[in-house]
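Peer 1: I would like the atomic coordinates for the input below:
(chains A and B)
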Number of protein chains: 2
Amino acid sequence: MGYSEATKRFLLAAKHAEINALKRLLANCQVVNSISVFIHQLQKERGTSNIFLASRCERFTKQRTEQILQSVLAEDFLRSQFKTQYLIGHDTADNMRLLNSISIALQGMDNLPVLRHKIDSLAISPLNSSQAYCRLVAGLLNVVFEAADVASDPAITRILVAMFNFMQGKEYTGQERAWGAIGFAETHFNQELCERLEQLQVAQRNCFQIFLEFASQSDKQLWLELETSTPMKSIEQMRNMIRKLVDGSPISAEISEVWYEVATQRINQMHVMEESIAETLVNLANKRVKQASAELCHHNKRLKMFANLTESDDSSFSMLFDSAMPGLRGAENLSELDLDASNKLNVSHSFYDLLRDQSKHIKKMADELNDVKRALTEQKTIDRARLLMMEQLKLSEAEAYRLLQKRAMDNNIRIAEMADLIVKATSSNQSAIYKAKLQQMSM
Amino acid sequence: MGYSEATKRFLLAAKHAEINALKRLLANCQVVNSISVFIHQLQKERGTSNIFLASRCERFTKQRTEQILQSVLAEDFLRSQFKTQYLIGHDTADNMRLLNSISIALQGMDNLPVLRHKIDSLAISPLNSSQAYCRLVAGLLNVVFEAADVASDPAITRILVAMFNFMQGKEYTGQERAWGAIGFAETHFNQELCERLEQLQVAQRNCFQIFLEFASQSDKQLWLELETSTPMKSIEQMRNMIRKLVDGSPISAEISEVWYEVATQRINQMHVMEESIAETLVNLANKRVKQASAELCHHNKRLKMFANLTESDDSSFSMLFDSAMPGLRGAENLSELDLDASNKLNVSHSFYDLLRDQSKHIKKMADELNDVKRALTEQKTIDRARLLMMEQLKLSEAEAYRLLQKRAMDNNIRIAEMADLIVKATSSNQSAIYKAKLQQMSM
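Peer 2: Numbers count the residues shown, from 1 in each chain, chains lettered A, B, ... in the order given. Just a heads-up that it's a prediction; the model follows:
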């Protein structure tokens, strides 16, 4: 047969490993789905709580009670998902970073009753309450990011990256709603508040741009329709109005309700879309599990067939001359000398064929995955550069980000490229080279 | 207590996942060790087989028989390692790419008896025999590369990257020995052969340069001693001699034995060093498993302690205002507004402390791992760029690599950077940008 039992077992083990990874990925996608539902409820709870606090218990008491009920339902469902997907059996739970991010998110959720109690008794300002909800949402979004980062399938990873950026964009939209509401409630805007709103708009655009890079054609279409829908047009009008109020001119507090209403309409539209992306995600993961399982069946059938064949030794022997098989890395292979031997290779329907097909499949997946993960790596690099700048230049988070943005613009490169240079200049083996490069740039 | 049972379980699950990953890594390190032993035997078998073939069974008959015995012993040990580490139990076997690379290496090993039989009966040329052994070694080195690529611990990954590059450099040294021996045996060198030898020397330098970047201080020291030892000096002298023979001047065939002898001394020195790196590797992996297990014990002790404490709710509640916890990605957090709340955070020896420590530990590991993996990513990118150039420009493997090298030199950038541009221009989302960049460069 030209191959040993062990060789066959490793070929099958690789396929089993792929299936197991896809099953874990499916579990992660289901969890991401539940997280998106819970975040949506938290965003609504943040809004009603703000109005409740700002009105000193006068308004939204009933709405808030009802909303908390909804939040608790979504939270319970998410908690049960966490348990069944990761804690029952230990085969599914193998990623340190994902599990740790869940622990952080859960610890935040454990504190929700305390937060609600403080709101009940007006023992917290609307600002601090908002802040706490924001951090809770950020902790949950971090779980989605880790789920995308550990994903091993390029097609699923693409949608996870799109989903993560969509969810984050939606959260910035929610924050814009909250800050806008504060301005209208106070009957005037100032420069600081206007700048903050502009920044939130930039952050939304960044997120949705990455979303569009990775979204499916139909999701892109849906998004473009959303961008030209009535709520979006109303928001643009009110954004323009706010820009003109930067000098502190007064505005009627009643507009607050209009602002809140249209922003909520938009966020609800986003949530509908989010649900559709989540559905695509879970369906695709299911499909990929089935596909890989069918491939395993096919492998087994072909292997049974080969066992009954008596191949000539030469056909599988020729693999030792096949330049499609892995060669040495990072330098030339010197293998083209023997093209004769390699051209003889034409062993159709052999075990070696199977092995070669699987290797090509794995190589293709790894390359595609690499390309998709660039987007995640860039987001991680921007985070790292920002932290480094905060430490070294004693800047706040926002100052560091603005400086990073400015330096990238001044040098006509993307933020991610600027961040990469800064990180490399600090921690890479070629740090001297990158330090020199940075010094040459306009700063 | 301020945290739920589930939160605690996920904190512990993350630690368990770390320990499991380290145990798998330890298994991989042991396999890498066995691979290095087997490759060393295959390199010797390639050498003796060449002389046996070139002398048409007159020389090295006994040496070759003895050498095959050694190779078979090393192969049997490696095969048993593969089985015990990856096929018994399924918990350890979870990486598709690693398992597939083992299947490829095994299929090559399955064909060793056929290859030996062809050599016995002089049914293969020395060139083709060499070629087959080279591909076998390349398949095994690919397993080492995958083992480095799946590693999750930065310190261990560093040594795996150093080890992989050392092993690959040693293989190029072995190939230089083989090609040099052919020249001396034929009593003259030509330009093609001289170029090939130069390329192999460049390839060695590239490998050992990466090795030096990642090796421990003591391994670096060992290597520098090797570089100034007697065999290396003799090799440099003979390399100079060969360079002068490029015009085809005749040289006594007897020098072949001297060349073979000093090159073998050098390769044996390298093998001793390889064994020492492998030992460091296995020791470090063992140490890291013990360390992480001790950390888990410590976690459990602290958790028992917390269970008996009655913390005020506020201390863990303050996590919702802690900017050290994950925030939104790729844009500013807007969280510095509430520095007051965040400064209040001073809950020593609490559950939240434990969670924060573990998160810092994981973040640090992930960042460091990212830096070490750059080297591997660069090697993969060079491979991809070379394949793309082979396809698009219809070049051979060697031509593609030389063109890549030349373009990098002409533009004064590293090969890896040139390769990255080529890959991005083909497959990234910003391909148009990178295509334009390539067009601006001198080609």
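Peer 1: who are the packing partners of the helix or strand that contains A:Glu279?
Peer 2: Element membership for A:Glu279 (DSSP states H and E) is helix A:255-308. Secondary-structure packing of helix A:255-308 (3 or more C-beta pairs under 8 Å, 6 or more residues apart in numbering or on different chains; DSSP states H and E): helix A:5-54, helix A:154-185, helix A:217-227, helix A:230-244, helix A:351-393. C-betas here are computed from N, CA, C, even on glycine.
Peer 1: for B:Ala285, which of the ones you listed is the nearest?
Peer 2: Closest to B:Ala285 of these is helix A:5-54 (C-beta to C-beta; 20.9 Å).
Peer 1: for burial, what's the neighbour tally of the closest residue to A:Asp371 other than its chain neighbours?
Peer 2: Once flanking residues are discounted, A:Asp371 sits nearest to B:Ser427: 5.4 Å by C-beta to C-beta, 6 or more residues apart in numbering or on different chains. Neighbour count for B:Ser427, taken as other C-beta atoms under 10 Å in any protein chain shown: 16.
Peer 1: please apply the same query to A:Ala203.
Peer 2: A:Ala203: 24 neighbours (other C-beta under 10 Å).
Peer 1: picking up where we left off before, take the helices and strands packed on helix A:255-308 and lay them out in a markdown table including mean pLDDT and mean neighbour count.
Peer 2: Shown next, in a markdown table, are the helices and strands packed on helix A:255-308 (pLDDT from 0 to 100; neighbours: other C-beta atoms under 10 Å in any protein chain shown):
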| stretch | mean pLDDT | mean neighbour count |
| --- | --- | --- |
| helix A:5-54 | 92 | 22 |
| helix A:154-185 | 92 | 24 |
| helix A:217-227 | 93 | 14 |
| helix A:230-244 | 93 | 14 |
| helix A:351-393 | 85 | 18 |
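Peer 1: nearest to A:Gln439, out of these?
Peer 2: A:Gln439 lies closest to helix A:351-393 among the helices and strands packed on helix A:255-308, at 14.9 Å (C-beta to C-beta).
Peer 1: how far away from the center of its chain is the next helix-or-strand element following the closest one?
Peer 2: Going down the chain from helix A:351-393, the next helix or strand is helix A:397-410, by DSSP H and E. Remark: helix A:397-410 is offset 23 Å from the chain centroid, using C-alpha atoms, centre = their mean, to the nearest Å.
Peer 1: and helix A:397-410, what other elements does it pack with?
Peer 2: helix A:351-393, helix A:415-427.
Peer 1: now tabulate these in TSV and tack on distance to B:Met273.
Peer 2: Below are those laid out as TSV (distance: least, C-beta to C-beta, whole Å):
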stretch	distance to B:Met273
helix A:351-393	31
helix A:415-427	28
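Peer 1: out of the ones you listed, which gets nearest to B:Ile35?
Peer 2: Across the helices and strands packed on helix A:397-410, B:Ile35 has its closest neighbour in helix A:351-393 (18.5 Å, C-beta to C-beta).
Peer 1: report the angle between that closest one and helix A:5-54.
Peer 2: Taking axes from the mean of the first three to the mean of the last three C-alpha atoms, to 10 degrees, one finds that helix A:351-393 is oriented at 40 degrees with respect to helix A:5-54.
Peer 1: tell me how far the residue most central in space within chain A lies from A:Phe208.
Peer 2: What sits nearest the mean C-alpha location of chain A, by C-alpha atoms, centre = their mean, is A:Phe164, with 3.1 Å. Here A:Phe164 is placed at a distance of 12 Å from A:Phe208 (C-beta to C-beta, to the nearest Å).
Peer 1: quickly list what's touching both of those two.
Peer 2: Common neighbours of A:Phe164 and A:Phe208, counting by C-beta atoms under 8 Å, 6 or more residues apart in numbering or on different chains, are absent.
Peer 1: surely the residue nearest to the centre of chain A and A:Val143 touch.
Peer 2: No - applying C-beta atoms under 8 Å as the test, A:Phe164 and A:Val143 come out as separate, 9.9 Å apart.
Peer 1: who touches the helix or strand A:Ile68 falls within?
Peer 2: Using DSSP H and E, A:Ile68 maps to helix A:61-82. By C-beta under 8 Å, 6+ apart, the residues outside helix A:61-82 that reach it are A:30-31, A:34-35, A:37-38, A:40-42, A:44-45, A:48-49, A:52, A:102, A:106, A:109, A:112, A:116, B:6, B:10.
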